[in-house]
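**Student:** Following is a predicted model, sequence given first.
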Amino acid sequence: MTQLLQAAIIFGTVILFGAIGEIITEKSGNLNLGVPGIMYLGGIAGLVGTFFYESSCAEPNVFLCVVIALVCSITASVLGGLIYSFLTITLRANQNVTGLTLTIFGSGVANFFGGSLNKLAGGVGQISVSATSSGFCKTLPFLRNVSVFSSLGFMVYLAVALAICATLFLTKTRRGLNLRAVGENPATADAAGINVTRYKYLATCIGAAISGLGGLYYTMDYIKGTWANDGSIESLGWLAVALVIFARWKPVHAIWGSYLFGILFWVYLYIPGLSRSSMELFKALPYVVTFIVLIAVSIHKHRESNGPAALGLSYFREDR
């Protein structure tokens, strides 16, 4: 049971980062389906930055490795958010098409550079930033002797802290209220003196930065500082988008939802006598649960269970 919980938390943390970032983005009214692409950008940028640093140092500083990875990841993710924002907010491009294009772009860029790094390292599967990975895998000092938490890296707690902070920001602060107003009715928010464009840009870019940390966590902790061109980041990114609906656009609910997804994904390993085909069916459980939640939300249609009223709609000030 301990191993299942650890696997579920590690798996769920990747999704949690993506979901928190997307919730903040969607609260501004922007529907960014480019989360998987941004996670790709965040993961590969952190890997590239630390790879060249570790390659140039005989004894790389672990703390500096972690800082370089975080800075590179956040920078690349924010750049992805800026691209999306410029196209959808300034140029008023279709949000769905732009998001899907960003996902394709991000995966292509990441796999290109990932393949290039593998060649530089000596062949496929040879790249490894072990010093950086060891830094990300370190748990908090006072939890080293606690069975479930002893092998969890610090970013697990960072994700939970971000979810709590995002909830407090959205519910307890004036700027959070302004952001929610922009997502619900941008014309009314604009009339009240709120800078709609600024809020949309900031929410999308900050959300992208948080989502990108999910890709970095996957690269540095989940697969231990290597690169895998198997589409896993993309599938986890789509789960993050689904988790937003599952959590009803509430970051705190995304915490337990992400870990539930993790348990459902890995539970097949702890059920004896399963065939290979049965295992694949069990891996689909998170998606099945998401479908059930979507149906339930559609039937009941409680106001708090729905997303922002202006979600996915471009705002034209001239129409106000």
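**Tutor:** Perfect, I can see it now.

**Student:** buried set for the helix or strand hosting residue 242?
**Tutor:** Here residue 242 sits within helix 232-246, counting by DSSP states H and E. Across helix 232-246, burial judged by 16 or more other CB atoms under 10 Å covers 233-234, 236-246. The C-beta positions use only the backbone N, C-alpha and C, and glycine is treated the same way.

**Student:** now, which of these sits nearest residue 38?
**Tutor:** Residue 38 lies nearest to residue 237 out of the buried residues of helix 232-246, by CB to CB, at 7.8 Å.

**Student:** can you pull the contacts of the closest one?
**Tutor:** By CB atoms under 8 Å, 6 or more residues apart in numbering, the contact list for residue 237 reads 18, 35-40, 103, 211, 214.

**Student:** and residue 310, helix, strand or coil?
**Tutor:** coil (DSSP: H, G, I helix; E, B strand; the rest coil).

**Student:** ditto for residue 139
**Tutor:** coil.

**Student:** Leaving out the residues flanking it, which one is nearest to it?
**Tutor:** residue 152 (5.3 Å; CB to CB, 6 or more residues apart in numbering).

**Student:** mind checking how far the one you found is from residue 117?
**Tutor:** To residue 117, residue 152 is 27 Å away according to CB to CB, to the nearest Å.

**Student:** do residue 206 as well
**Tutor:** 28 Å.

**Student:** Ok, residue 13 next?
**Tutor:** From residue 13 across to residue 117, the span is 24 Å (CB to CB).

**Student:** So which other helices or strands are in contact with the next helix or strand after the helix holding residue 242?
**Tutor:** The C-terminal neighbour of helix 232-246 among helices and strands, as given by DSSP H and E, is helix 251-266. Judged by 3 or more CB pairs under 8 Å, 6 or more residues apart in numbering; DSSP states H and E, the packing partners of helix 251-266 are helix 2-27, helix 154-172, helix 232-246, helix 276-283, helix 285-300.

**Student:** Kindly reformat the ones you listed as TSV containing distance to residue 314.
**Tutor:** Shown next, in TSV, are the helices and strands packed on helix 251-266 (distance: least, CB to CB, whole Å):
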stretch	distance to residue 314
helix 2-27	14
helix 154-172	22
helix 232-246	20
helix 276-283	37
helix 285-300	24
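
**Student:** right, and those - which one's nearest residue 65?
**Tutor:** Comparing the helices and strands packed on helix 251-266 by CB to CB, helix 154-172 comes nearest, at 13.4 Å.

**Student:** tilt between the closest one and helix 251-266?
**Tutor:** Counting by axes from the mean of the first three to the mean of the last three CA atoms, to 10 degrees, helix 154-172 lies at 140 degrees to helix 251-266.

**Student:** Let's see helix 154-172 as PDB, backbone CA atoms only.
**Tutor:** Extracted C-alpha coordinates of helix 154-172, given in PDB (Å, rounded to 0.1, in the frame of the first residue of the first chain):
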ATOM      1  CA  PHE A 154      10.400  18.700  -2.800                       C
ATOM      2  CA  MET A 155       8.300  19.600  -5.800                       C
ATOM      3  CA  VAL A 156       5.500  17.400  -4.500                       C
ATOM      4  CA  TYR A 157       5.100  19.900  -1.600                       C
ATOM      5  CA  LEU A 158       5.600  22.800  -3.900                       C
ATOM      6  CA  ALA A 159       2.700  21.600  -6.000                       C
ATOM      7  CA  VAL A 160       0.400  21.300  -2.900                       C
ATOM      8  CA  ALA A 161       1.600  24.800  -1.700                       C
ATOM      9  CA  LEU A 162       0.800  26.300  -5.100                       C
ATOM     10  CA  ALA A 163      -2.700  24.800  -5.100                       C
ATOM     11  CA  ILE A 164      -3.400  26.300  -1.600                       C
ATOM     12  CA  CYS A 165      -1.900  29.700  -2.600                       C
ATOM     13  CA  ALA A 166      -3.900  29.700  -5.800                       C
ATOM     14  CA  THR A 167      -7.100  29.000  -3.900                       C
ATOM     15  CA  LEU A 168      -6.400  31.800  -1.400                       C
ATOM     16  CA  PHE A 169      -5.600  34.200  -4.200                       C
ATOM     17  CA  LEU A 170      -8.700  33.500  -6.100                       C
ATOM     18  CA  THR A 171     -11.100  33.600  -3.100                       C
ATOM     19  CA  LYS A 172      -9.500  36.000  -0.700                       C
END
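
**Student:** Count the residues that sit near residue 278.
**Tutor:** As a burial measure, residue 278 scores 12 neighbours (other CB atoms under 10 Å).

**Student:** Quick one, grab the pLDDT at it.
**Tutor:** pLDDT, residue 278: 75.
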